[in-house]
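Novice: Take a look and give me a structure for this.
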Amino acid sequence: MFNEYLEKSEYVNYDDPNVKKQADILKVQSSDKLSLIENTFLFVRDEIKHSWDVQDTRVTVSASDTLREGVGICWSKANLLAALLRANGIPSGFSYQRLTLGDTPESGYCIHALNTVYISELDKWIRLDARGNKEGINAEFSLGEEKLAFPIKSEGEVDYHDNHSYPDKGLMTVLTSSDDMLDMYLHYLPDKLSYSVEYKVATRDDMDIMMSSRLEMLKVVNDLDHSYEYSEEMIRNSLKYFEEGNHTTVLALDGDRVIGCATMCYVFIMPTFSHPTGKRAHLMNVYTMKEWQRRGVAKKMCSMLIEEAWERGVTEISLDATEEGRQLYYKLGFTDSAECMVLVKS
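Specialist: As a prediction, the model looks like this:
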């Protein structure tokens, strides 16, 4: 469950030895999972100083950078908090606010980062703001009412209440292209997020992406642990199909990150009066990352594939629908069929 919120990455690099060591220390100091979450939050909030508060010019980006230097702005501190939690198997993500730089809209706006954390004992997500407290700012650990660093108070400010499994690429680009944190903080803070979706038909050059997306999708729909290892046979046959099978796969991308995929598999069977071409298709492998669900991504990918299937002379498209996905497929024109029977080898 929530495998994407347990991933390690360039910025949430909890495979770094020092990050792992600190995560282990926090676990030993904690009596249970809730106290571990609270202690991890307090460590990042209090022990990692906010660059502006201490007027430190060092630029930190990844979790390991931020832990090593002991400073960072909210974006980099959020990377560290997510990494320390994920290192201990606790799903964590990123949420954002658009805030005024000063007290009025005329001062301009910036993007503030905080974290989401899944509380398994309560089956709920909460948000924690590890920016760091000072006079006028008091963010606290809370399982109930949020106690964040900044309330939304001015025109143009926005609390997105989002929950992304990876940090905004635009913010990370600003950090990695800077060599003076204070100069960046004064002059180059963006006032909007860069999350966006582009769609492309996959080619052989995208083989690795198609394979990783397929295997990740199978973990999610089958409720497998993120560390689950597939058999060599499963990997070999999946790769063989992508290489040799008659199919079209659409990828949904946020920058260079795959946030969704869908595949139309084509089959040619004996023609019938209802289907004189014998060309049929099966829609499968439809997957969208949790934070992008209910935002039209799956519908767009499926629509692209359906349009191509009609153009290729297909007269019937089938699919295996989960209960969760049925409403989407009804909207796309699919109907329940009483004509099909299936024999599964026992």
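Novice: quick one: buried residues of stretch 200-216?
Specialist: For stretch 200-216, the buried set under the neighbour-count rule, 16 or more other CB atoms under 10 Å, comprises A202, D206, I209, M210, S213, R214, L215, E216. Where you see a C-beta, it was placed from the backbone N, CA and C, and this is true even at glycine.
Novice: Show me which of those is closest to L36.
Specialist: E216 (26.3 Å; CB to CB).
Novice: Give me the three-state assignment for the closest residue to V61 other than its chain neighbours.
Specialist: Beyond its immediate neighbours in the sequence, the residue positioned closest to V61 (CB to CB, 6 or more residues apart in numbering) is L175, lying 4.5 Å away. Of the three states, L175 takes helix under DSSP: H, G, I helix; E, B strand; the rest coil.
Novice: For D179, which non-adjacent residue is closest in space?
Specialist: For D179, ignoring the flanking residues on the chain, the nearest one in space by CB to CB, 6+ apart is V59 at 6.3 Å.
Novice: quick one: the one you found and S177 touch, right?
Specialist: No: taking CB atoms under 8 Å as the contact criterion, V59 and S177 are not neighbours in contact, 9.4 Å apart.
Novice: who has more neighbours, the two?
Specialist: Taking neighbours as other CB atoms under 10 Å, V59 and S177 compare with V59 leading, 22 against 10.
Novice: Confirm that the more buried one lies within a strand, as I assumed.
Specialist: No: when the secondary structure is assigned by three-state DSSP, V59 falls in coil instead of a strand.
Novice: Now do it against V71, distance only.
Specialist: Per CB to CB, to the nearest Å, V59 is found 9 Å from V71.
Novice: Give the intersection of the neighbour lists for these two.
Specialist: By the contact definition CB atoms under 8 Å, 6 or more residues apart in numbering, V59 and V71 are jointly contacted by M181.
Novice: for stretch 236-254, which positions count as buried?
Specialist: Within stretch 236-254, the residues scored as buried using 16+ other CB under 10 Å are S238, F242, H247, T248, T249, V250, L251, A252, L253, D254.
Novice: Can you tell me which of those is nearest H112?
Specialist: Top of the list for closeness to H112, among the buried residues of stretch 236-254 and by CB to CB, is D254 at 20.2 Å.
Novice: And that closest one, how far from S165?
Specialist: Per CB to CB, D254 is found 11 Å from S165.
Novice: re the thing from before, residues contacting the residue nearest to V61?
Specialist: Taking CB under 8 Å, 6+ apart as the definition of contact, the neighbours of L175 are V59, T60, V61, W75, S76, M184.
Novice: Turn those residues into JSON lines, including pLDDT.
Specialist: Supplementary listing: the contacts of L175 in JSON lines, determined by pLDDT from 0 to 100:
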{"residue": "V59", "pLDDT": "97"}
{"residue": "T60", "pLDDT": "98"}
{"residue": "V61", "pLDDT": "98"}
{"residue": "W75", "pLDDT": "98"}
{"residue": "S76", "pLDDT": "98"}
{"residue": "M184", "pLDDT": "93"}
